[in-house]
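Q: Compute the structure for the input listed below.
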Amino acid sequence: MKRKRKGDKWPFIRWAEKEQAWKVDARTKDGGQRKFFATRDLAETWAEQQRIERKNDGAAAFKFRAADRIDAEAAMKMIAPYQISLRECANFYVRHAATATGDRTIQQIVEELLAVKKSAGMSARYLKDLRIRLNIFCATFGKERAVNVSQQAVDDWITAIPYSGTTKNNYRRLLGVLFGFAVDRRYILQVPISKQSKSSVKRGKPGILAADECARLLSACDDKILPAVALGMFAGLRPESEVWRLDWSRIDFKRKLIDVEPLSTKNSGDNASVRWVQMSNNLVEWLMPYRQKSGPVSPSGDSYFARLQRARETARIKTWPADALRHSFCSYHYARHSDAGLTMAQAGHTNPRTFFRHYRARVTPEDAERFFGIRPAGVDEKIVAIR
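A: Residues are numbered from 1 along each chain as shown. As a prediction, this is how the structure comes out:
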């Protein structure tokens, strides 16, 4: 590099032999650039523009108070990795100032979310689960302003709760609902939950009930819950989306068929759940004493779960797997018929790989015959016969 000659003005102009052009070097210790021009006049013109701009910048700097200059320098260091200007930062803050300075607390947002979900017609069970879990979260963060709750704080809270991986993920999912709602309402800028907070879960085969447990459970059911339990146990109907919404008029006792309507399915777009379910002989026997022309087959919400819980306790069933009735039906039905397509059609399954992973080789054909041999012993007898 050639040495600067005494008396040279910044920016420095030189002839660049290699580029065959006039080079203007406007670099300083704080940055700057070099440019090349075809003629000396063009180079001089651009160099003079840089001198004027530098002079103006220098004069403007004296208008700042010392504290402002210190703040500006500190801010520039903070945003340097993002390659943006202070003006861009200021523009962003102006657009989001109301959110960034919001005073909504977590408790206030939870209450607002619950009210919105209730008005949207969400199920009582979902609302109860949402309320219980979010109120547990509020015990720690309820009084905090939502904008002050950090991702690390939420992740640490999820990691620390003394529950299984599945339960932790359930909390994580509902907190995602809460913070997603807060983002939509512009109470916060982003959801403070990271992917790393998701817990690993060991997935085994779904749990099922033994035939003698099923018999004891039916014997312990009261009249209002027994048809619902029998439909879950011997027809594989889903409780909330199918049994709760099922009307007696949709059960054809003559043809032994249950019409599972689109309205009663888990997902109205799931065509596999829109189906006719063939009733086993023992299911018909369990339902006949309660048969009506029309009306709901089952209680719903807390009434359903409270009655089922009492029956489980009376039947002395200590372990209750998730979806125990439906999973029991699928396992015993497949063992009895050895026809995956038939069982999948009955239960409304769509994925053969998932079905085989869960239900193949679960029980023996002899167990299946005992299961479908569970019949009521008599109208006046509160016992169950297994034939």
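Q: Contacts for stretch 143-159, please.
A: 99-107, 109, 137, 140-141, 168, 171-172, 175, 179, 182, 187-189, 192-194, 196-197, 199 (CB atoms under 8 Å, 6 or more residues apart in numbering). For glycine as for every other residue, the C-beta is placed from the backbone atoms N, C-alpha and C.
Q: Please state the offset of that stretch from the chain centre?
A: 17 Å (CA atoms, centre = their mean, to the nearest Å).
Q: Pull up the distance across that stretch, start to finish.
A: 21 Å (CA to CA, to the nearest Å).
Q: Please identify the buried residues of that stretch?
A: Buried residues in stretch 143-159, defined by neighbour count with 16 or more other CB atoms under 10 Å: Arg145, Ala146, Val147, Val149, Val154, Asp155, Trp157, Ile158.
Q: pretty sure Ile132 is in a helix, no?
A: Yes - counting by DSSP: H, G, I helix; E, B strand; the rest coil, Ile132 is located in a helix.
Q: Could you list the low-pLDDT ranges of the stretch 1-150 of the chain?
A: 1-7, 30, 57-64, 66, 95-101 (pLDDT under 70).
Q: can you do 80?
A: The model of the stretch 1-150 of the chain has pLDDT under 80 over residues 1-9, 28-32, 54-69, 72, 86-87, 90-102, 125.
Q: Where do the helices of it begin and end?
A: Secondary structure of the stretch 1-150 of the chain, counting by DSSP state H, counting those that start in this stretch: helices at 40-61, 66-79, 86-100, 106-119, 124-141.
Q: among those helices, which is nearest Trp22?
A: helix 40-61 (3.9 Å; CB to CB).
Q: and that closest one with helix 66-79, angle?
A: 120 degrees (axes from the mean of the first three to the mean of the last three CA atoms, to 10 degrees).
Q: start at 28 instead
A: In the new numbering, first residue 28, that becomes helix 67-88.
Q: Return the list of helices and strands in contact with helix 67-88.
A: strand 39-43, strand 48-52, strand 61-64 (3 or more CB pairs under 8 Å, 6 or more residues apart in numbering; DSSP states H and E).
Q: re the thing from before, got the helices of the stretch 28-177 of the chain as a markdown table, with distance to Trp49 and mean neighbour count columns?
A: Output for these, formatted as a markdown table (distance: least, CB to CB, whole Å; neighbours: other CB atoms under 10 Å):
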| stretch | distance to Trp49 | mean neighbour count |
| --- | --- | --- |
| helix 67-88 | 4 | 13 |
| helix 93-106 | 32 | 11 |
| helix 113-127 | 33 | 12 |
| helix 133-146 | 63 | 16 |
| helix 151-168 | 64 | 16 |
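Q: Can you convert those helices into TSV and add a column each for distance to Leu236?
A: Shown next, in TSV, are the helices of the stretch 28-177 of the chain (distance: least, CB to CB, whole Å):
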stretch	distance to Leu236
helix 67-88	80
helix 93-106	61
helix 113-127	51
helix 133-146	33
helix 151-168	21
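Q: for the ones you listed, which one sits closest to Asn309?
A: Per CB to CB, nearest to Asn309 of the helices of the stretch 28-177 of the chain: helix 151-168, 28.7 Å.
Q: Buried deepest among the helices and strands packed on helix 67-88, which one?
A: Comparing the helices and strands packed on helix 67-88 on average neighbours per residue, with mean count of other CB atoms under 10 Å, the densest one is strand 48-52 at a mean of 19.
Q: Just give me how far that strand sits from the chain centre.
A: For strand 48-52, the distance to the chain centre is 59 Å (CA atoms, centre = their mean).
Q: Also stretch 132-151?
A: The answer for stretch 132-151 is 16 Å, by CA atoms, centre = their mean.
Q: swap in stretch 50-57?
A: 54 Å.
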